[in-house]
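Q: Sharing a model prediction with you, sequence too.
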Amino acid sequence: MEQRVLRFETHTGVRIYSLPVEVFPQFYANVYLVVADGLVCLIDTGSGHGNSNNDLVAGFAAIQAQWGEKLSLADVNQIILTHAHIDHFGGLAFIRQFTQAPTAIHIADRRVITNYDGRLLFASKALSRFLRHAGVSAEQHQHLMGMYLHNKDAFRPQPIEQTFEDGDRLCNLFEVIYTPGHCPGQVCLRLDEVLFSADHILARTAPHLAPEMITPGTGLEHYISGLHQVAKLTGIELTLGGHEQPIENLAQRLEQIFASNQRKIDRISDLLKAQPQTVAQLSAAMYRGLQGYDQLLGIEKVGAFVEYLYLRGYVRPVNIAPDDDDRDPINVMYELF
Ligand SMILES: [Zn+2]
Ligand SMILES: [Zn+2]
């Protein structure tokens, strides 16, 4: 897959470079370097895994060779993280070997980085409860939890110097648009006619979604609200995602995403019309043959959609019996309502 550095210039003359970094084997993310008067700002950091750090350094070399922009990691004087997923913040410790630049993130995602270990423990317990709710077998539960925790101890907690919230203006340049759903602290950043859409809106694929039952601030309800937030923006001529290629027609891409969400809702409704099912059964029917980590992602995604339908009163659980203990319900089957 061909990856190269791209350059854009906004109407006010701000330079933007898109640096492709291989964050996981054969999976790329875009790190953006924004250069304006006195500002050398990195948006996201890559994963810190595998080739990611080397690709980042190579990206700076390419910027210098192709456009004469004499900058290195040591010149970076601001770091902004679009959300706290490892493919976007995992390179932070590496970058801090070169620069003392302050790092900023939405307030709802700070804890993931500053309290990494404690939050991971909390999140893994919530995931475990969700998988039992979703109806995976004991064997599959063990397998999926093992995969979730694999390699997660590679990152050490890092300090965060700055936080922001919806509507804040950063570096006198970026407007923060808070768009949770994919991640509790997910934001898009507007700079002139350019929107940095992070993982909220990608050119080809739908971002991963998991139910709020695992992590508050995620889930389909928030995600769709965030899409409407972006749809209200006017004057966006270029959208730059956290992965994949730039988006030239944002309105058209939003339409595709809304339609894709509706197709998934229709598919789940059809399956539940036939018979009540668990999230794991629905996921197996919708995403046949998924293996490894993708299987976990599939179950989480279907969980997010079923939760959305439940919150809106379109489905209901059929096998939760009133009882006298506090255990969470397991193997919950849903029916259309
Ligand atoms: Zn993400
Ligand atoms: Zn990502």
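A: Nice, I can see it. Ligands and ions are numbered 1, 2, ... in the order given.
Q: When you work out contacts or count neighbours from here on, use the C-alpha atoms and nothing else.
A: Fine.
Q: Enumerate every residue touching the nearest residue to R253 once chain neighbours are set aside.
A: Sequence neighbours aside, A203 is the residue nearest to R253 in space, at 7.2 Å (criterion: CA to CA, 6 or more residues apart in numbering). Shown in contact with A203 (CA atoms under 8 Å, 6 or more residues apart in numbering): G241, E244, Q245, P246, I247, R253.
Q: got a pLDDT number for A203?
A: A203 is assigned 98 on the pLDDT scale.
Q: how far away is it from D192?
A: Plainly put, A203 is 20 Å away from D192 if you go by CA to CA, to the nearest Å.
Q: all strands for the protein, in order.
A: For the chain, the strands defined by DSSP state E cover 6-9, 15-24, 27-36, 39-43, 78-80, 103-106, 162-164, 169-170, 174-178, 187-191, 194-198, 238-241, 315-317, 334-336.
Q: what comes up buried for stretch 140-148?
A: Residues of stretch 140-148 classed as buried by neighbour count (16 or more other CA atoms under 10 Å): H141, L144, M145, Y148.
Q: follow-up on the earlier one: tell me which of the strands of the chain lies nearest to P207.
A: Across those, P207 has its closest neighbour in strand 194-198 (9.8 Å, CA to CA).
Q: Pairing partners for the closest one, with directions?
A: Next to strand 194-198 in the sheet, as set by DSSP bridges, lie strand 187-191 (antiparallel), strand 238-241 (parallel).
Q: which of these is buried the deepest?
A: Mean neighbours per residue, mean count of other CA atoms under 10 Å, is largest over the strands paired with strand 194-198 for strand 187-191, with a mean of 25.
Q: what is the orientation angle of that one with strand 174-178?
A: Counting by axes from the mean of the first three to the mean of the last three CA atoms, to 10 degrees, strand 187-191 lies at 150 degrees to strand 174-178.
Q: what about strand 187-191, average pLDDT?
A: 98.
Q: List the contacts of R132.
A: Neighbour list for R132: H141, P329, I330, N331 [criterion: CA under 8 Å, 6+ apart].
Q: In PyMOL, how would I select the buried members of those?
A: With 16+ other CA under 10 Å as the criterion, this PyMOL line picks the buried residues out of these:
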select buried, resi 141+330+331
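Q: Show me what the helix ranked longest in the chain is in contact with.
A: Counting by DSSP state H, the longest helix found in the chain is helix 250-274. Helix 250-274 is contacted from outside by 201, 203, 206, 227, 231, 236-239, 247, 282, 286, 305-306, 334-336, using CA under 8 Å, 6+ apart.
Q: Any chance of JSON lines for the strands paired with strand 194-198, columns distance to A29?
A: Below are the strands paired with strand 194-198 laid out as JSON lines (distance: least, CA to CA, whole Å):
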{"stretch": "strand 187-191", "distance to A29": "16"}
{"stretch": "strand 238-241", "distance to A29": "9"}
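Q: How many residues are close by V279?
A: Using other CA atoms under 10 Å, V279 is surrounded by 30 other residues.
Q: separation between it and F24?
A: Noted for V279: a distance of 28 Å to F24, by CA to CA.
Q: So which of the buried residues of stretch 140-148 belong to helices?
A: Using DSSP H to define helices, the subset of these located there is H141, L144, M145, Y148.
Q: so can I have JSON lines of the residues you listed showing distance to I320 and pLDDT?
A: Formatted as JSON lines, these follow (distance: CA to CA, whole Å; pLDDT from 0 to 100):
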{"residue": "H141", "distance to I320": "20", "pLDDT": "96"}
{"residue": "L144", "distance to I320": "24", "pLDDT": "95"}
{"residue": "M145", "distance to I320": "24", "pLDDT": "96"}
{"residue": "Y148", "distance to I320": "27", "pLDDT": "93"}
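Q: In terms of pLDDT, where does G118 sit?
A: G118 carries a pLDDT score of 91 in this model.
Q: buried subset of the contacts of helix 250-274?
A: Of the contacts of helix 250-274, these count as buried by 16+ other CA under 10 Å: 201, 203, 227, 236, 238-239, 247, 282, 286, 305-306, 334-336.
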